[in-house]
Structures are given as structure tokens and as C-alpha cells.
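>>> Turn this into a structure:
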Amino acid sequence: MEIQVTKKSGALEPFQREKIVKSCINAGATKEVAERVANEVAKNVRDKIPTSEIRAAVLSNLSKENPALVMKYMEYEQTKKK
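Okay, here's the model as predicted:
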């Protein structure tokens, strides 16, 4: 069975590890760091997990890899929302 994530709107969509990799790279992480972060987050994903929990896990793992990436990731998110 495919793991679903719950978006802020309440809609469900399939969990896509590749989205984490892509957003980390867009925020300035290397592909290797992005892959490690995505792998760590994917280990703890459960069905219907809120995207806010995934985001928190991404930020937590990014800070372990390189604390400067956390601010870059948050800046990237802001540009994405416009």
C-alpha cells in the first residue's frame, strides 16, 4: 500500500521522497546531503502524516548536516509560495 501524506488543505497525496531531494537541492544542499536527508525522513514516514511533520523532519535533518542550510531552505520555501 502506498503511503499518503496529508497536505495543509486536508487533501491526500502519495509520499514522494524525490520531492524532499529536489527541495533540499534547490535550497543549496548537495545531492549527497539531499539524499541522506530524504532517506532519514523516509524512515519515519507513516500513512497520512501531515506535511508539516515532514517539513519539521527535513529541517531537523538539514540542521544536523549543515545548520546554514536551514535558513536557505526556509528562504527557498518563501520564494516557492509566491
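>>> Give me the secondary structure label for residue 28.
Counting by DSSP: H, G, I helix; E, B strand; the rest coil, the backbone at residue 28 sits in coil.
>>> Quick check: it vs residue 48, distance?
Here the criterion is C-beta to C-beta, to the nearest Å. By it, residue 28 lies 31 Å from residue 48. In this view, the C-beta of every residue, glycine as well, is placed from N, C-alpha and C.
>>> again, but for residue 15
Counting by C-beta to C-beta, the gap from residue 15 to residue 48 is 10 Å.
>>> and residue 47, how many residues sit next to it?
12 (other C-beta atoms under 10 Å).
>>> For it, which non-adjacent residue is closest in space?
In this structure, residue 47 finds its nearest non-sequential neighbour in residue 3, 5.2 Å apart by C-beta to C-beta, 6 or more residues apart in numbering.
>>> quick one on the thing from earlier: same drill for residue 15 and residue 48, tell me which one is more crowded.
When neighbours are counted by other C-beta under 10 Å, residue 15 and residue 48 differ, and residue 15 comes out ahead with 19 against 10.
>>> OK, contacts around the more buried one?
Going by C-beta atoms under 8 Å, 6 or more residues apart in numbering, residue 15 touches 2, 3, 4, 5, 42, 45, 49.
>>> Now, of the residues you listed, which are buried?
4, 5, 45, 49 (16 or more other C-beta atoms under 10 Å).
>>> Am I right that the second one sits in a strand?
In this case it means residue 5. Yes - under three-state DSSP, residue 5 sits within a strand.
>>> Against residue 23, how distant is it?
Distance, residue 5 to residue 23, using C-beta to C-beta: 14 Å.
>>> what does the first one give?
Computed as C-beta to C-beta, the residue 4 to residue 23 distance reads 19 Å.
>>> Common neighbours of residue 15 and residue 48, please.
Common neighbours of residue 15 and residue 48, counting by C-beta under 8 Å, 6+ apart, are 4, 5.
>>> Can you find the helix or strand in this structure with the smallest mean pLDDT?
Ranked by mean pLDDT, DSSP states H and E, the helix or strand of the chain with the weakest confidence is helix 67-81, at a mean of 91.
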